[in-house]
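1. how would this look folded up:
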Amino acid sequence: MSAKHAKPNFSQSQVSEVLKRLFRVTASEIRSLPSYDDQNFHVVPVDGGEYVLKIMNAEDSKNPALIEVQTHAMSFLYQNGLPAQTAMPTASGQLMSLEEIDCGYGCQKYLVRLLTYLPGTTISKVPLTPQLLYETGKTAARMDLILQEMEHPQLSVLQRENFKWSLSNFTMLEAFLSVLDGDPLQEVVKSVIHQYKSSVVPKRSGFRKCINHGDFNDLNVLVQPDESDGYKISGILDFGDMNSGYYIHELAIAIMYMMTEHPNPIEVGGPVLAGWESVLPLNEAERECLYVLVLSRFCQSLVLARHSVTLHPENAEYLMISSKRGIFILRQLWELRKEQVEKVWFESAAQFSDRK
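-> Now for the predicted structure:
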């Protein structure tokens, strides 16, 4: 099956039928939410409350064990005090259901879950103050520490050897470089891959292993106003990229995505790092590789988005959201070089921690 046809395309009437049959929910309002390769709907039942109906793409739906572990992780975080969604049981008591439905490309199977709705707005829509960036780093570190305590009989499914979004598999990007043919950016990406091979791979044995959320980005973190005229984190969304990785990967991913939303991206690393280290100080190998890992995630984001646009031209606007600024920031980081960027990050992190 082509990846093009894996993305679900449920109609409103199909959504309301599924809600009634599986969850005994009659919706007064169903609104589509943006998504990379799944389909999400905001659902308001007639008898009150709010939910998100999440329909997984046909490809990911072939791996129910992985979705089961992700669903378990969400409720484990929730039980441990972090704002994650939890799945509502179906009428027969299951947390997900495999539905065979024709969305226009013949009958295919899609995993369906009804999740609690978390209030708030995405962090991409509010000013990224140093304090909020600090909270972002701190929350990401707490999340990974909690996930490390999680038990589940299927945990091994998180060893996703060929998962192209894992930073452990960054060199897989070489297979996609042709999407940048004729674009000067291709040289930068090739250089980052070379740096990764020469400086990150040899030090990886010094990284501490953990389970990564894997996509702690500006659209997956929700915030609400707090008492002091700032914002606090009110939700962590989308566990679809969870994988067995390393603590330092989560930090690099969080820094990279927060940079795409900041008027002065280079300033982001310090407060995020300070928040992270308030929970989990980096060791020397991790500290040494942070810069290249942040660049690596920029490269993944830009190249894989470009690749997805070739598959889903109709979704180009959403897929390219972070690309426009991402290209500019990647170039800036690359031209400033490692020593200069680290100096800014580590010095401002130290100052931030002193003020705490």
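2. show the contacting residues for the closest residue to residue 344 other than its chain neighbours.
-> Once flanking residues are discounted, residue 344 sits nearest to residue 266: 5.6 Å by CB to CB, 6 or more residues apart in numbering. Any C-beta I mention is one placed from the backbone N, CA and C, and that applies to glycine too. Contacts of residue 266 were listed using CB atoms under 8 Å, 6 or more residues apart in numbering, and they are 259, 332, 333, 336, 341, 344.
3. among those residues, which one lies nearest to residue 175?
-> Taking CB to CB as the measure, residue 175 lies nearest residue 333 of the contacts of residue 266, at 23.7 Å.
4. how about residues contacting the helix or strand containing that closest one?
-> For residue 333, the element it lies in under DSSP states H and E is helix 323-336. Helix 323-336 is touched from outside by 185, 188, 191-192, 259-260, 265-266, 291, 294-295, 298-299, 301-302, 305-306, 341, with contacts defined as CB under 8 Å, 6+ apart.
5. ok, now with 10 Å
-> Residues from elsewhere that reach helix 323-336 (CB atoms under 10 Å, 6 or more residues apart in numbering): 183-185, 187-189, 191-192, 195, 256-257, 259-262, 265-266, 268-269, 291, 294-295, 297-299, 301-303, 305-306, 309, 316, 320, 322, 340-344.
6. buried only: go through the residues you listed for me.
-> Those of the contacts of helix 323-336 that meet the buried threshold are 185, 188-189, 192, 195, 256-257, 259-262, 265-266, 268-269, 291, 294-295, 297-299, 301-303, 305-306, 309, 322, 341-342, by 16 or more other CB atoms under 10 Å.
7. next up, the contacts around the residue lying farthest from the centre of the chain.
-> Farthest-out residue of the chain from its mean C-alpha position, per CA atoms, centre = their mean: residue 47, at 32.2 Å. Counting by CB under 10 Å, 6+ apart, residue 47 touches 25, 26, 28.
8. just those now: which is nearest residue 68?
-> Residue 68 lies nearest to residue 25 out of those, by CB to CB, at 21.8 Å.
9. I'd like to know how many residues surround that closest one.
-> 21 (other CB atoms under 10 Å).
10. still on that earlier bit, dump the contacts of residue 47 to JSON lines, plus distance to residue 8, pLDDT and secondary structure.
-> JSON lines is the format used below for these (distance: CB to CB, whole Å; pLDDT from 0 to 100; DSSP: H, G, I helix; E, B strand; the rest coil):
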{"residue": "25", "distance to residue 8": "18", "pLDDT": "96", "secondary structure": "coil"}
{"residue": "26", "distance to residue 8": "22", "pLDDT": "95", "secondary structure": "coil"}
{"residue": "28", "distance to residue 8": "23", "pLDDT": "94", "secondary structure": "strand"}
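11. among the helices and strands of the protein, which one scores worst on average pLDDT?
-> For the chain, the helix or strand with the lowest mean confidence is helix 316-319, at a mean of 68 (criterion: mean pLDDT, DSSP states H and E).
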